[in-house]
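Trainee: Fold the following for me, if possible:
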Amino acid sequence: MAFNVEIAEKIEQPLMSRALLKGFVTYDAAPPSFVELRKHIASSLKADEALVVVQHLRSLFGTRKSGVEVHVYKSKAAVESFESKVIEARNKP
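Mentor: Presented below is the predicted three-dimensional model:
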């Protein structure tokens with residue numbers, strides 16, 4: 001599946017040991033899954049895949065584009081501390 005990720009904004013959140021990334025995903029057919037998106041973002045940022053958590057993937061009506069919100073943590077302990085179990089399960093293969 002072919003898709004392109006464009007990061008529009010990066011906000012550092014030092015108290016939570018993470019960075020918040022906001023941007024857009026454009027795709028050809030269907031939107032990418034959370035797992036595919038997580039792998040792509042982790043490889044492009046050269047970050048550990050376990051520290052990247054996709055929060056939201058919201059489709060924009062009438063387009064082949066979605067808004068995306070991703071948290072990139074600095075440690076596994078921070079992921080377990082701040083992310084809900086539902087979001088963690090959604091990001092697992």
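Trainee: Could you list the alpha-carbon positions for stretch 65-78 in PDB?
Mentor: The C-alpha coordinates for stretch 65-78 follow below in PDB (Å, rounded to 0.1, in the frame of the first residue of the first chain):
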ATOM      1  CA  LYS A  65      -6.300  12.300   3.100                       C
ATOM      2  CA  SER A  66      -6.400  11.800   6.900                       C
ATOM      3  CA  GLY A  67      -5.300  13.900   9.800                       C
ATOM      4  CA  VAL A  68      -2.900  12.000  12.100                       C
ATOM      5  CA  GLU A  69      -1.700  12.600  15.700                       C
ATOM      6  CA  VAL A  70       1.200  10.600  17.000                       C
ATOM      7  CA  HIS A  71       3.100  10.500  20.300                       C
ATOM      8  CA  VAL A  72       6.800   9.700  20.200                       C
ATOM      9  CA  TYR A  73       8.100   8.800  23.700                       C
ATOM     10  CA  LYS A  74      11.600   8.700  25.100                       C
ATOM     11  CA  SER A  75      11.200   5.500  27.200                       C
ATOM     12  CA  LYS A  76       9.000   2.400  27.400                       C
ATOM     13  CA  ALA A  77       8.200   3.400  31.000                       C
ATOM     14  CA  ALA A  78       6.700   6.600  29.800                       C
END
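Trainee: quick one: average pLDDT of it?
Mentor: Stretch 65-78 shows a mean pLDDT of 96.
Trainee: so how far is it from its chain's centroid?
Mentor: Here the centre of stretch 65-78 is set off from its chain's centre by 5 Å, with C-alpha atoms, centre = their mean, to the nearest Å.
Trainee: Just the residues contacting it, thanks.
Mentor: If you take C-beta atoms under 8 Å, 6 or more residues apart in numbering as the criterion, stretch 65-78 is touched by 5, 16-27, 31, 37-38, 41, 45, 47, 50-60, 79, 82-83. Just so you know, the C-beta spots here come from the backbone N, C-alpha and C atoms, and that holds for glycine as well.
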